[in-house]
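Trainee: I'll drop the sequence and a predicted model, then ask my questions.
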Amino acid sequence: MKIRGVWAHNFHQELSQFDHCLHRFPVISFDTEFPGFLRDTPRDALEDQRYEDVKFNVESLKLLQLGFTLSDAHGNIGGTWEFHLSGFNEKSDPHVVASISLLKRNGLDFARLGQFGISVAEFVFGFLRVLRIHRGLHDLTWVCFHGLYDLAYLLKLLTQKPLPDSVVMFAKALGVVFGTIYDVKFMARYCRGFFGGEIGLARVAKLLDVERSGEAHQAGSDSLLTAAVFSKMNATFRSVAGMSQGCLYGISPTIVRYWQPAPVILRRPCFPVAAPHVYSARLIHSPILPTYVHM
């Protein structure tokens, strides 16, 4: 399967192909690449601390790559696009040296990224235009693997605003902007032989006999592998998707599509939380939607 590299010079042409393909393939598997974690969260951290670290890291760092693979409900692949964003300066922007070194070893060319990458403003304007069209035509399904950070970066990018202040408001914002979401790592906890979900994407792919195309730690290749794993997992474990919709590995609030009447905090949590919290409602604006949506 060819992974289509998208740069400033071919952005509009490839976005047009992406738009055309989305009509037939409305399942969007995605991955992001970013320059590391300034704060490492302990495995036993409470949920509020974990989200504080997510918010700090995402708002402190710049996104480098976005990978999107489109597929249909039967797992047929429509195409994979790898969008390269400009704006990151290794000399002046915050980053983790080890993370940058890893990305370089796996083929990410930072000099080319800076010179030929797509500007964030141009990407956001074009990508949101495509999403507005398709949101009005059919439901979109978003698929990630261990996607807490991927969704946080994408939410920040598309809204061009800081992340919400609490994890509950974050989950609500995801429901407004994206709607239906699956996290394959969360799904793996319900699959026999997958170590309760404590497993990486490469290992899940091996257990399901799914082969990778391209290099690991490249957003296009990771999104394509995520799409293939999601399809194979659904075919092998037929009840898992229904149990996992709206659940992200690492946080407890369920993500509910914005037009459903039940608020997130009244839904079954994705795993037990230590204590309930009370949050006030507020208006969240999504640039994908024509009006403000009361959350």
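Mentor: Yes, it's here. Residues are numbered from 1 along each chain as shown.

Trainee: my read is residue 252 is in a helix, agree?
Mentor: No - assignment of residue 252 by DSSP: H, G, I helix; E, B strand; the rest coil gives coil, placing it outside any helix.

Trainee: test my guess that it contacts residue 47.
Mentor: Yes - taking C-beta atoms under 8 Å as the definition, residue 252 is a contact partner of residue 47 at 6.2 Å. All C-beta spots, glycine's among them, are computed from the backbone N, C-alpha and C.

Trainee: and residue 83, what element?
Mentor: strand 77-84 (DSSP states H and E).

Trainee: direction included, what does that strand pair against?
Mentor: If you go by DSSP bridges, strand 77-84 pairs up with strand 3-6 (parallel), strand 65-71 (antiparallel).

Trainee: tell me where the stretch 151-295 of the chain has helices.
Mentor: 167-177, 184-188, 201-207, 219-236, 240-244 (DSSP state H, counting those that start in this stretch).

Trainee: nearest to residue 73, out of these?
Mentor: Closest approach to residue 73 among the helices of the stretch 151-295 of the chain (C-beta to C-beta): helix 219-236, 9.0 Å.

Trainee: for the protein, which segments count as strands?
Mentor: 3-6, 27-33, 65-71, 77-84, 141-144, 180-183, 283-284, 293-294 (DSSP state E).

Trainee: gap between residue 241 and residue 184?
Mentor: 10 Å (C-beta to C-beta, to the nearest Å).

Trainee: more neighbours: which of those two?
Mentor: For residue 241 versus residue 184, neighbours defined as other C-beta atoms under 10 Å are more numerous around residue 184 (28 against 17).

Trainee: so what touches stretch 43-61?
Mentor: Contact with stretch 43-61 is made by 34-41, 93-95, 148-149, 152-153, 156, 162-163, 165-167, 170, 250-252, 273-274, as judged by C-beta atoms under 8 Å, 6 or more residues apart in numbering.

Trainee: just the buried positions in it, please.
Mentor: 47, 50-55, 57-58, 61 (16 or more other C-beta atoms under 10 Å).

Trainee: wait, residue 28 touches residue 141, no?
Mentor: Yes - the criterion here is C-beta under 8 Å, and residue 28 meets it with residue 141 at 6.9 Å.

Trainee: show me where the stretch 1-150 of the chain has helices.
Mentor: Listed in chain order, the helices of the stretch 1-150 of the chain (DSSP H, counting those that start in this stretch) span 11-22, 47-60, 97-105, 110-116, 120-135, 148-159.

Trainee: can you list the weak-confidence ranges in this structure?
Mentor: For the chain, the stretches with pLDDT under 70 are 258-269, 271-295.

Trainee: repeat the analysis, applying 90 as the threshold.
Mentor: Low-confidence segments of the chain, defined by pLDDT under 90, span residues 1-2, 43-44, 106, 132-139, 190, 192-193, 195-197, 214-217, 238-243, 256-295.

Trainee: coming back round to it: need the helices of the stretch 1-150 of the chain in CSV with distance to residue 205, can you?
Mentor: Formatted as CSV, the helices of the stretch 1-150 of the chain follow (distance: least, C-beta to C-beta, whole Å):
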stretch, distance to residue 205
helix 11-22, 23
helix 47-60, 25
helix 97-105, 19
helix 110-116, 27
helix 120-135, 27
helix 148-159, 17
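
Trainee: so which of the ones you listed is the most packed in?
Mentor: helix 148-159 (a mean of 21; mean count of other C-beta atoms under 10 Å).

Trainee: tell me the angle that helix makes with strand 65-71.
Mentor: 100 degrees (axes from the mean of the first three to the mean of the last three C-alpha atoms, to 10 degrees).

Trainee: list the helices and strands helix 148-159 packs on?
Mentor: Counting contacts by 3 or more C-beta pairs under 8 Å, 6 or more residues apart in numbering; DSSP states H and E, helix 148-159 packs against strand 27-33, helix 47-60, helix 120-135, strand 141-144, helix 167-177.

Trainee: the same query, at a cut-off of 10 Å, please.
Mentor: On a contact count with 3 or more C-beta pairs under 10 Å, 6 or more residues apart in numbering; DSSP states H and E, helix 148-159 meets strand 27-33, helix 47-60, strand 65-71, helix 120-135, strand 141-144, helix 167-177, strand 180-183, helix 219-236.

Trainee: now the last one: buried residues?
Mentor: Taking 16+ other C-beta under 10 Å as the neighbour-count basis, helix 219-236 is seen to contain the buried residues 219-234.
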